[in-house]
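Engineer: structure of the sequence below:
(one chain, ligands or ions: 1)
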Amino acid sequence: MWGSAGFIVGVVLGSLVKALADRSLGMKSFWGRSYCPSCKAGLRWYDLFPIFSYIFLNGKCRYCKKKIPLEYPITEIILGILIAYLFTQTQFSLISIPDLILKIFFIVILVVLFITDFKKMFIPDRIVIPAIIISLISLVAITVYKIGYLYFYLSQSPIGRKLLPPYSDYFQRHALAAAEPLYLGILMGLLIGGFFLSLIIITRGKGMGGGDVKLGAFIGLMLGFPQALFAVVLSFLTGAIFSIILIIAGKKHFGQTIPFGPFLVLGSLIMLFWGNQIMDWYLKLGV
Ligand SMILES: [Zn+2]
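Structural biologist: Numbering: from 1, shown residues only. This next block holds a predicted model:
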């Protein structure tokens, strides 16, 4: 039930993701109506149903009959699956909904940057910089909301009031815990962004770019500690394995650059969805 609702939300966001990625790559404005990339005919509302329009139009533009690239329905389906999975993992409550919205935002931005970096090795500033600012503001707002909610909840009952200062430090301890994603996120964002920046300076810009620094800072902010560190390790591992496969297959030679952003995105999505399981497993290794 929540899964299907998530899928519908996801496919709608999928067409937004594709539009943001295309417009970033084409240096076009984010505003204005969607149009066919071949004949530039403005699309009508009935052309814009994710997946369904593609199926009903038989994969062709209504106006010029050119094939609509498969990237469109594929992006929509991928977003549909990701958001459906996110919904099935979520316990819906007053306190979890702001977190859920922020996670959806995180996924949308990650997939946009995956597409732009994968296709053109480009991480657009006009996506990643507003994303960092919005997530920082959201984390502050969510923290204030959670602490305010806790205070309000406790102040409603005589027993709750006993847990408020000056009677007890219960409220302070829980408020500090609620602020953890905010301060650990800022710390991780600075750490990962700074680490990537130092890699650029040491390697004189080979293999990593300024876009990766900003994407790293965004991921650190959103995933926090220790998930963000795991995401970075995972992306270095998958990136290395993928490079070796490409070299063995003769598609690339040693030292040739491949975009790092897609691996950062994959590592982050893995940690977003399975971070707890991976950390449990890691702790059981006893290291
Ligand atoms: Zn057309």
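Engineer: quick check: buried residues in the lowest-mean-pLDDT helix or strand in the chain?
Structural biologist: Lowest on mean pLDDT, DSSP states H and E among the helices and strands of the chain sits helix 52-56, with a mean of 90. For helix 52-56, burial by neighbour count (16 or more other CB atoms under 10 Å) applies to 53-54. Using the backbone N, CA and C atoms, a C-beta is placed for each residue, glycine as well.
Engineer: do stretch 241-254 as well
Structural biologist: Buried residues in stretch 241-254 (16+ other CB under 10 Å): 243, 252.
Engineer: and for it, what's in contact with it?
Structural biologist: With contact meaning CB atoms under 8 Å, 6 or more residues apart in numbering, stretch 241-254 is reached by 258, 263.
Engineer: would you mind writing the CA trace of it as CSV?
Structural biologist: Taking C-alpha atoms only, stretch 241-254 is exported to CSV below (Å, rounded to 0.1, in the frame of the first residue of the first chain):
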residue,chain,number,x,y,z
ILE,A,241,36.6,-2.4,-9.0
PHE,A,242,34.8,-0.8,-11.9
SER,A,243,38.0,0.8,-13.2
ILE,A,244,39.8,-2.5,-13.1
ILE,A,245,37.0,-4.2,-15.0
LEU,A,246,37.1,-1.4,-17.6
ILE,A,247,40.9,-1.7,-17.9
ILE,A,248,40.7,-5.6,-18.2
ALA,A,249,37.9,-5.3,-20.8
GLY,A,250,40.2,-2.9,-22.7
LYS,A,251,37.6,-0.1,-22.6
LYS,A,252,40.0,2.3,-20.7
HIS,A,253,43.7,2.4,-20.1
PHE,A,254,45.4,3.0,-16.7
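Engineer: residues touching residue 121, list them.
Structural biologist: Here residue 121 is in contact with 209, 257, 259 (criterion: CB under 8 Å, 6+ apart).
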